[in-house]
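1. Need coordinates for the following:
(one chain, ligands or ions: 2)
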Amino acid sequence: MKNISVLGSTGSIGTQTLEVVDQTNDYRISALTAHSNVSLIEQQIRKYKPKLACMTDENAAKDLKVRVADTNVKVLSGIEGVCECAAIDEAEAVVTAIVGIAGLKPTLSAISCGKRIALANKETLVTAGEIVIAEAKRHGSEIIPVDSEHSAIFQSISNQQKFLKRIIITASGGPFFGKSKEELKNITPEMALKHPNWSMGAKITIDSATLVNKGLEIIEAMHLFGLSADNITPIIHRESIVHSMVEFCDSSVIAQMGVPDMKLPISYALSYPERTVPVCDTLDLVKVGTLSFYDVDNETFPAINLAKDAAKKGTIMCSVFNGANEAAVELFLNGKCSFTDITKFIETAMSKAPKIENPSIDDIFMADDFARKIVKECV
Ligand code: NAD
Ligand code: MG
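-> Ligands and ions are numbered 1, 2, ... in the order given. From the prediction side, this is the model:
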């Protein structure tokens, strides 16, 4: 039995992590955190009996304290509380399933204690990749990706990193694959929230529809696997069966496949280098029948090129790319801007980004604030 903490336990990755806990019987829960879903975290506390719990929303924390007063859990609040949960002594591993840059400080907190990071929160590496990787090395903390593509790449590289030439990262193409620029103008949040292959939180579902998600994942992969953006090729794969591929120096290509189910990469990030009992359906390739691949339409979906440009310009530009996207997605979901405005606003924020060499975590949060402000001024 390994002790683990789950940050963002009420979300899509968080709840699937707890399903993995149920299915494998290999883990005990030390701490759980969420933003404001008090009733769900209360149920989770009663079932998994963690020592610590935290709500970032102060009122939700007050409410939770009253609700679980009959249990032994200590309830904390705010982002400092999440950092305390991430650092709890007894846990060996932390699943970072918070959405957005809000996951950065808690992830750094877990890293500073040398814990294994089962990393779902890609925004951590996008905004502060250099600092996070350096800190992980310094504290002997292993970062094992949960993102399905990065888990596939990690599994495919195995111990052959020195022969790695290129990563071929797959993208489903989202619900609007094949649509023209004109057709994208009238996309509503309801349409964009329907992903063909994966069931995920709202923000990442919109990111998948704009292809911003693939841009974020390219930056994430650069940091995890030490390649430049030029050696990471995105391709559209409609069935989401090949989760990604790597090409070695002799042109051999290795892929990892499976049904589209996040429980597999979540489980692997926790059990690595071991493997567990099956946590999802087995892959029946005959039933799938066809695996199809296409080039990305960068003309209609400019997000990947914007991300690659940000990656070339460095940490602050990546934080501006990410912060502008988080703000624009929120506006879109609230009906305050159009679908195609999302990448337009990112581009505007990037064109005004400050230049800071060797940025600190404070600089990164400043760039994030700056980007959000620019996006708000766009509407
Ligand atoms: P979600 O919206 O379903 O859940 C987010 C969780 O974070 C919730 O528990 C919520 O309470 C918490 N949270 C929200 N705002 C917070 C804040 N300001 N401070 C602290 N906690 C906060 O999101 P998700 O789809 O589970 O995604 C989580 C992360 O995993 C994201 O970074 C996403 O990109 C990544 N990811 C998700 C999937 C997926 O299939 N859902 C796949 C790959 C990567
Ligand atoms: Mg992914």
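2. which SS state does the spatially closest residue to Tyr48 that is not a sequence neighbour fall under?
-> The shortest distance from Tyr48 to any non-neighbouring residue, by C-beta to C-beta, 6 or more residues apart in numbering, is to Ile29 (3.9 Å). Placement of C-beta: from N, CA and C, glycine included. Under the three-state scheme (DSSP: H, G, I helix; E, B strand; the rest coil), Ile29 adopts strand.
3. tell me the phi and psi of the residue of the chain found nearest ligand 1?
-> Using C-beta to the nearest ligand atom, Gly11 is the residue of the chain that sits closest to ligand 1, at 1.9 Å. Torsion angles at Gly11 (phi, psi; degrees, to the nearest 10) stand at phi -90, psi -170.
4. Where does pLDDT dip in the stretch 51-200 of the chain?
-> Of all residues in the stretch 51-200 of the chain, none has pLDDT under 70.
5. ranges for the strands of it?
-> In the stretch 51-200 of the chain, the strands defined using DSSP state E, counting those that start in this stretch lie at 52-55, 74-77, 93-96, 116-119, 143-145, 164-171.
6. Tell me which strands the fifth one pairs with, and in which orientation.
-> What that stands for is strand 143-145. strand 116-119 (parallel) (DSSP bridges).
7. For the strand it pairs with, give me every contacting residue.
-> 4, 17, 92-96, 107, 110-111, 125, 136, 141-147, 266, 269-270 (C-beta atoms under 8 Å, 6 or more residues apart in numbering).
8. Just list the residues touching Ala367, thanks.
-> Contacts of Ala367 by C-beta under 8 Å, 6+ apart are 316, 319-320, 323, 353-354, 356, 359.
9. just these that are near ligand 2?
-> Near ligand 2, judged by C-beta under 5 Å from the ion, there are no entries from those.
10. which among these gets closest to Ser244?
-> Ser319 (24.7 Å; C-beta to C-beta).
11. what about the helix or strand where the closest one lies and ligand 1, any contact?
-> For Ser319, the element it lies in under DSSP states H and E is helix 315-333. No. Helix 315-333 lies out of reach of ligand 1 by C-beta under 6 Å from any ligand atom, never closer than 10.1 Å.
12. Quick one: mean pLDDT for that helix?
-> For helix 315-333, mean pLDDT is 98.
13. How many residues are close by the residue of the chain closest to ligand 1?
-> For Gly11, the neighbour count with other C-beta atoms under 10 Å is 24.
14. One more: Val21?
-> A count of neighbours around Val21, defined by other C-beta under 10 Å, yields 21.
15. Just the CA atoms of the helix or strand harbouring it, as CSV, please.
-> Secondary structure from DSSP H and E places Val21 in helix 12-24. Only the C-alpha atoms of helix 12-24 are listed here, as CSV (Å, rounded to 0.1, in the frame of the first residue of the first chain):
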residue,chain,number,x,y,z
SER,A,12,-12.3,14.6,-14.0
ILE,A,13,-8.8,13.3,-13.3
GLY,A,14,-9.3,13.5,-9.5
THR,A,15,-12.4,11.3,-9.6
GLN,A,16,-10.8,8.9,-12.0
THR,A,17,-7.7,8.6,-9.7
LEU,A,18,-10.1,7.5,-6.9
GLU,A,19,-11.6,4.9,-9.3
VAL,A,20,-8.0,3.6,-9.8
VAL,A,21,-7.6,3.5,-6.0
ASP,A,22,-10.8,1.4,-5.8
GLN,A,23,-9.8,-0.9,-8.7
THR,A,24,-6.2,-1.6,-7.7
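16. Ser228 and Met222 touch, don't they?
-> Yes. Assessed by C-beta atoms under 8 Å, Ser228 is found in contact with Met222 at 6.6 Å.
17. Compare the two (neighbour count), which wins?
-> Counted by other C-beta under 10 Å, Ser228 and Met222 do not tie: Met222 has more neighbours, with 22 against 10.
18. Could you measure from that one over to Asp295?
-> Using C-beta to C-beta, to the nearest Å, Met222 is found at 21 Å from Asp295.
19. Let me see the mean pLDDT of stretch 343-361.
-> Average pLDDT, stretch 343-361: 97.
20. re earlier: put the buried members of the contacts of Ala367 into a ChimeraX selection.
-> Buried residues among the contacts of Ala367 (16 or more other C-beta atoms under 10 Å), as a ChimeraX selection:
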select :316,319,320,323,353,356,359
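21. Now render the contacts of Ala367 as JSON lines, adding distance to Thr33.
-> Listed next are these as JSON lines, based on distance: C-beta to C-beta, whole Å:
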{"residue": "Ile316", "distance to Thr33": "28"}
{"residue": "Ser319", "distance to Thr33": "23"}
{"residue": "Val320", "distance to Thr33": "27"}
{"residue": "Gly323", "distance to Thr33": "22"}
{"residue": "Ala353", "distance to Thr33": "31"}
{"residue": "Pro354", "distance to Thr33": "32"}
{"residue": "Ile356", "distance to Thr33": "30"}
{"residue": "Pro359", "distance to Thr33": "27"}
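22. Which one of the contacts of Ala367 is nearest to Leu40?
-> Minimum distance to Leu40 across these is 27.7 Å, recorded for Gly323 (C-beta to C-beta).
23. and the closest one, what does it touch?
-> Contact partners of Gly323, counting by C-beta under 8 Å, 6+ apart, are 101, 127, 349, 367-372, 375.
24. Give me the distance between it and Leu333.
-> Distance from Gly323 to Leu333, by C-beta to C-beta: 16 Å.
25. I'm done for today, thanks for sticking with me.
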